[in-house]
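**Student:** sequence below, structure please.
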Amino acid sequence: MQRSFALALITWPIVLWAQFPVGQRNLTFNDPARDGRAIPCEVYYPALTEGSGTEAAEGSFPVLAFGHGFAMGVGAYANITEAFVPAGYIVVLPTTEGSLLPAPSHSNFGLDLAFVVGAMQAEGVDNASPFFGHVALTAAVMGHSMGGGASFLAAVSNADITTLVTYAPAETDPSAIAAAAQVDIPALIFAGNQDCVTPPSTNQIPIYEALPGNCKSYVEITGGGHCNFANSNFNCSFGEFTCGGGGSLGREGQQALVEQYTLLWLDRYLKDDAVAGDAFAALVQAGSGITAQWELSDCPPLASTSLVPVSAPDRQGHIAPIPLQDRSELRFEGFVSGARFQLIDPVGRVVRDEALRGSVHPIERGALRSGTYVWRVSLDGTAIGRGRLLVE
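**Tutor:** Coordinates of the predicted model:
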């Protein structure tokens, strides 16, 4: 499906669950499959207080591994950390393959992006790590230009990547277009219609068309340029100057539009947020300031709103009505005295913890914000059931 528009930027009402301070640490991961190759990374994460080495905030956060552009330092992507870390994401920026000469290895960069996803998630289960208990099992690989093309190489080598989001992805060697044909996870591709560095017709559009699945979207920014996906960078700007200049929309407008779409996509596929998914679809169809293509007919389903037995398959339950507006009920067969009911928000915080009141447990809306929550029933600290609750 394709639609073309040239309208002013509109603002969709996005629910902000929390605005976390940004913490930062430098970590180096070593890939044993490549003779212990060192992959130094700058890691930005939701923290209790802003700064270097500060304690991680309460909650479990999805990983975003982000690949930089050709000859661009990761410092050019402060816009990425500033947009997504406060919204409850861990951003990992490998600093490898950043040189102008010798030429970077696209293959190694793709493998680096793939590896740091698993390495960061391993930090979440290492009780000696400052990230212990703070890393979710969902992850995106993202990137700009060279890093965008390398993201498709990464997806081929790591089946645990949940989704891809790329900004002006460039054709690479080995081919990102060829790699895209093997990628069957949700993928969001951005392009600028005034990008003279990686023109959409020979880069982003062939990559999009090569994707075999039916859960993908291509968003071309009207007036969008190549370098405006990042902050100001001399090398990128010089390359753009030699081929015709930047986009007419400007950096601030382009980044605001891209961040709006990106956050909704990430919340849908990394936090299982149905409200965000609906908002993304509405924005694409409204088409403010973009030309878009999309195939969203076969996307991963949202988790069931019914109770999923964990250690007691004879117990069954369901919540009705769904979505929760004012009041719903959990109807639970096989009620056990002493069981507890909990609700966990999209960033992993327990926002309700109460004794299960019987085979019919009332759930009041109260101060719950719109979004998708995890709910679970536990007994003596062991989960005996869990599911999802959509609050409208």
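**Student:** contacts, neighbours, all on C-alpha from now
**Tutor:** Will do.
**Student:** can you show me the helices along the stretch 151-300 of the chain?
**Tutor:** Counting by DSSP state H, counting those that start in this stretch, one finds helices in the stretch 151-300 of the chain at the ranges 176-180, 204-210, 234-243, 251-270, 274-286.
**Student:** now for the first one, which elements pack on it?
**Tutor:** For helix 176-180, the packing partners by 3 or more CA pairs under 8 Å, 6 or more residues apart in numbering; DSSP states H and E come out as helix 146-157, helix 204-210.
**Student:** now swap in the longest one and tell me
**Tutor:** Helices and strands touching helix 251-270, as assessed by 3+ CA pairs under 8 Å, 6+ apart, comprise helix 78-84, strand 135-144, strand 163-167, helix 274-286.
**Student:** quick one: strands adjacent to the third one?
**Tutor:** Meaning strand 163-167. Using DSSP bridges, the strands paired with strand 163-167 are strand 135-144 (parallel), strand 187-192 (parallel).
**Student:** contact partners for the residue sitting furthest away from the middle of the chain?
**Tutor:** No residue in the chain sits farther from the centre than S337, which is 39.3 Å out by CA atoms, centre = their mean. Under the criterion of CA atoms under 8 Å, 6 or more residues apart in numbering, the neighbours of S337 are L356, G358.
**Student:** go again using 7 Å as the cut-off
**Tutor:** Counting by CA atoms under 7 Å, 6 or more residues apart in numbering, S337 makes contact with nothing.
**Student:** one step back: what's the most buried one of the helices and strands packed on helix 176-180?
**Tutor:** Highest mean neighbour count of the helices and strands packed on helix 176-180: helix 146-157, a mean of 29 (counted as mean count of other CA atoms under 10 Å).
**Student:** what's the mean pLDDT across that one?
**Tutor:** Mean pLDDT, helix 146-157: 97.
**Student:** so what touches that helix?
**Tutor:** Taking CA under 7 Å, 6+ apart as the rule, helix 146-157 contacts 67-70, 106, 109-111, 113-114, 141-143, 161, 166-172, 176, 179-180, 182-183.
**Student:** kindly recompute the last result at 8 Å.
**Tutor:** Outside helix 146-157, the residues touching it (CA under 8 Å, 6+ apart) are 66-70, 106-107, 109-114, 141-143, 161, 164-172, 174, 176, 179-180, 182-183.
**Student:** low-confidence regions, this protein specifically.
**Tutor:** 1-18, 303-317, 334-335, 346-348, 383 (pLDDT under 70).
**Student:** at the geometric centre of it, which residue sits there?
**Tutor:** Centre-most residue of the chain, counting by CA atoms, centre = their mean: L266, 3.5 Å.
**Student:** OK, contacts around that one?
**Tutor:** Per CA under 8 Å, 6+ apart, neighbours of L266: A140.
**Student:** with mean neighbour count and distance to N26 added, can I get the strands paired with strand 163-167 in JSON lines?
**Tutor:** Shown next, in JSON lines, are the strands paired with strand 163-167 (neighbours: other CA atoms under 10 Å; distance: least, CA to CA, whole Å):
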{"stretch": "strand 135-144", "mean neighbour count": "25", "distance to N26": "16"}
{"stretch": "strand 187-192", "mean neighbour count": "26", "distance to N26": "28"}
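**Student:** okay, now the domains of this protein?
**Tutor:** 2-295, 308-391 (automatic domain parsing).
**Student:** and the residue farthest from the centre of the chain, how far from I384?
**Tutor:** Per CA to CA, to the nearest Å, S337 is found 13 Å from I384.
**Student:** and V116, by the same measure?
**Tutor:** 33 Å.
**Student:** compare the two (neighbour count), which wins?
**Tutor:** More crowded of V116 and I384, by other CA atoms under 10 Å: V116, with 26 against 21.
**Student:** and the more buried one, what does it touch?
**Tutor:** Taking CA under 8 Å, 6+ apart, we find V116 in contact with F29, I39, A65, V92, P94.
**Student:** same question, A114
**Tutor:** V141, A154, A155, S157, N158, I161.
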